[in-house]
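Asks: Fold the stuff below for me.
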Amino acid sequence: MYSNLINSLKERPEFLRSRDLIELGIYRSFSDISHSIKRGFAPPHLRIGERKILYPKASLVAWLELKQTEKKE
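Replies: Residues are numbered from 1 along each chain as shown. Have a look, this model is predicted:
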């Protein structure tokens, strides 16, 4: 599952928005993202202002690879 996501990120810009994570199927809603951030389970991100959050593509790929190895164990 994660390898397909990682491959699909190659065509995305260097910074992804929360909406992109929903489109990719990583999260179902903005509410899910918010809860994950509050609990510390979200991928590495940059908060730009009060409401805007960006996810560096390289950090997102590393986070997905880590989750993929955790699933195998």
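Asks: for the protein, what's the longest strand?
Replies: strand 52-56 (DSSP state E).
Asks: Just checking: what are the partner strands of it?
Replies: Note on strand 52-56: by DSSP bridges, its sheet partners are strand 15-17 (antiparallel), strand 46-48 (antiparallel).
Asks: Can you point out the buried residues in the next helix or strand after it?
Replies: Next along the chain after strand 52-56, taking DSSP states H and E as the criterion, comes helix 57-72. Buried positions in helix 57-72, judged by neighbour count with 16 or more other Cβ atoms under 10 Å: 57, 60-61, 63-64. The way it works is simple: take the backbone N, C-alpha and C, and place the C-beta from them, glycine included.
Asks: and helix 57-72, what does it pack onto?
Replies: Here helix 57-72 touches helix 2-8, strand 15-17, going by 3 or more Cβ pairs under 8 Å, 6 or more residues apart in numbering; DSSP states H and E.
Asks: Buried deepest among the ones you listed, which one?
Replies: A comparison of these by mean neighbour count, using mean count of other Cβ atoms under 10 Å, puts strand 15-17 on top with a mean of 17.
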